[in-house]
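1. Okay, predicted coordinates and the sequence, questions at the end:
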Amino acid sequence: MSDNKTSTLANAELGIMELLWKENSLTARQIREELYPDAKTAQHGTVQRLLQRLEEKGFVQRDTSQPVLLFSARISRLEYAGSQMESLARKLTEGSLAPLITHFVEEHKISKEEIQRLRNLLDELKDEKE
């Protein structure tokens, strides 16, 4: 199993993860029907390969305790987003998240509610250190 903290998801893999984050657990057939509802050809093999890759990367786990295999996410959307932000910061800003956050604030990409949430988190951290 790979370290999902450093792995990036391809678009097709991310599509599966979006479904699993939304639905908690699904069968391969349910995933296939959601991703390819109007497919003219069978996409079973494609979905199986994607699920296998996601499992190898450490993003997906399979539950074999039921009569049918169920797949679920091993990490949350927030954990994945955080790891991608950290990776981007390492690549672009020598590991600092401050320039990224500053950019989003200055470009009005963060709502007032999100800014307040950040303030609250910073205040909590400040109180813990004092």
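-> Received, thanks. Residues are numbered from 1 along each chain as shown.
2. Strictly from the record, what residue spans define the domains of the protein?
-> Structural domains annotated on the chain: 11-73, 77-129, as defined by automatic domain parsing.
3. Show the end-to-end separation of the first one, please.
-> Counting by Cα to Cα, to the nearest Å, the length from the leading to the trailing residue of domain 11-73 is 16 Å.
4. Equivalent analysis for the last one, please.
-> The straight-line separation of the ends of domain 77-129 (Cα to Cα) is 29 Å.
5. next one: that domain to chain centre, how far?
-> 17 Å (Cα atoms, centre = their mean, to the nearest Å).
6. ok, Leu78 to Leu100 distance?
-> 16 Å (Cβ to Cβ, to the nearest Å). C-betas here are computed from N, CA, C, even on glycine.
7. quick one, which of these two is more surrounded?
-> More crowded of Leu78 and Leu100, by other Cβ atoms under 10 Å: Leu100, with 15 against 9.
8. Can you point out the buried residues in the lengthiest helix in the chain?
-> Looking across the chain with DSSP state H, the single longest helix is helix 112-129. When burial is assessed from 16 or more other Cβ atoms under 10 Å, helix 112-129 yields no buried residues.
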